[in-house]
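1. sequence-free structure coming up:
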């Protein structure tokens, strides 16, 4: 069974605004690299801006959750590039992700652009890896090695 990841309204709106802004900044910095009126310091600055923004766009694409699939032996999370596999035998607990008012802190990742992806911390759960488009549809997977995943 395969289910497509749905995005919350916030993620849809934030992605619709933020991604075009990132692309515009990236294009502006790239075009500015070839303007002869700038000195070397400005060119280096524009190159840095371009590569940081371009790398962010690639990271967003690579980590974006696309779909969740249940097979005979494992849970598969399809991302922009690659698949996260969790064997059923490795799962110790599977529960609905409950938003209980505690604050999720993003340690490293993306929060809102094409979902909530990366490493997060919650006082109740602890550290966990998130691949979520809509937290109201998310579930929490705990593995026997102690790792935790929030997925939609």
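-> Yep, that arrived. Just so you know, these numbers come straight off a predicted model, no measurement behind them.

2. The least confident helix or strand in the chain by mean pLDDT packs against which elements?
-> Scoring the helices and strands of the chain by mean pLDDT, DSSP states H and E places strand 148-151 at the bottom, with a mean of 78. Packing partners of strand 148-151 (3 or more C-beta pairs under 8 Å, 6 or more residues apart in numbering; DSSP states H and E): strand 74-79, strand 126-132, strand 139-143. Bear in mind the C-beta positions are built from the backbone N, C-alpha and C, glycine included.

3. what residues does it touch?
-> 65, 68, 75, 77, 84, 86, 97, 120, 125-132, 135, 138-143 (C-beta atoms under 8 Å, 6 or more residues apart in numbering).

4. buried subset of those?
-> Neighbour-count burial (16 or more other C-beta atoms under 10 Å) is assigned, among the contacts of strand 148-151, to 65, 68, 75, 77, 84, 86, 97, 120, 125, 128-132, 135, 138, 140-142.

5. The chain: strands as residue ranges?
-> Applying DSSP state E to the chain gives strands spanning 2-4, 65-70, 74-79, 83-87, 91-96, 104-111, 116-122, 126-132, 139-143, 148-151.

6. separation between residue 28 and residue 111?
-> 25 Å (C-beta to C-beta, to the nearest Å).

7. more neighbours, the two?
-> residue 111 (17 against 13; other C-beta atoms under 10 Å).

8. Against residue 16, how distant is that one?
-> From residue 111 to residue 16 the distance is 16 Å (C-beta to C-beta).

9. gap between residue 146 and residue 94?
-> 15 Å.

10. and what of residue 143?
-> Counting by C-beta to C-beta, the gap from residue 143 to residue 94 is 10 Å.

11. same question, residue 64
-> In terms of C-beta to C-beta, residue 64 sits 23 Å off from residue 94.

12. quick one: which of the two has more around it?
-> residue 64 (21 against 12).
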